[in-house]
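1. just to be clear, the model below is a prediction. Sequence and coordinates:
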Amino acid sequence: MKGRSLLLLSMTLAASSASFAQTAPSPGQMKPVAYKVVDGNKVDNDTLQGWRTWRALACERCHGAKQEGLVGPSLVDAFKTLDKNEFHRTVFGGRVDKGMPDFSASQMMQKNWENLYTYLKGRSDGKINPGDLQAIDAK
């Protein structure tokens with residue numbers, strides 16, 4: 001019983017501190033979803049940073065290398081309806097009961113969450129191919 005109480009207390013504290021540290025942006029604060037893609041694997045710099053965030057935080061461990069799901073859901077499917085506010089709430093609060101960690105402590109996620117959203121939206125739209133990406137202006 002004591003162990004369960006401590007677990008519940010720690011989860012409550014983590015959730016409250018995450019919401020204190022990261023509040024969801026209002027719709028007026030968010031950039032519109034815009035990405036540029038050439039040949040399916042050359043993208044603009046912001047989208048490239050989103051892909052790099054995906055890779056650095058090892059999101060493919062749960063969502064699959066093609067974002068089509070493994071133990072976590074398919075993001076290709078989810079991003080057909082998932083908006084930026086819900087994405088923000090998910091990455092900065094997690095869904096611990098479903099195995100989704102809280103990334104509120106990640107500096108990389110704090111700087112690049114919108115870029116990650118843009119990358120995943122491009123994958124969901126079928127404009128960005130799975131696999132390695134490069135900058136549009138790369139030689």
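-> The structure has been received and is ready for your questions.
2. nearest residue to residue 38 in space, please, no chain neighbours.
-> residue 136 (5.4 Å; Cβ to Cβ, 6 or more residues apart in numbering). For the C-beta atoms, the positions are set from N, CA and C on the backbone; glycine is no exception.
3. which residues does the one you found contact?
-> In this structure, residue 136 makes contact with 36, 38, 42, 43, 44, judged by Cβ atoms under 8 Å, 6 or more residues apart in numbering.
4. go on, residue 101?
-> Taking Cβ under 8 Å, 6+ apart as the test, what residue 101 contacts is residue 94.
5. over to the one 5 residues further on?
-> For residue 106, the contacting residues are residue 57, by Cβ under 8 Å, 6+ apart.
6. got the phi and psi for it?
-> phi -80, psi 120 (degrees, to the nearest 10).
7. what strand or helix carries the nearest residue to residue 103 once chain neighbours are set aside?
-> Distance criterion Cβ to Cβ, 6+ apart; nearest residue to residue 103, sequence neighbours excluded, is residue 109 at 4.2 Å. Under the criterion of DSSP states H and E, residue 109 resides in helix 107-124.
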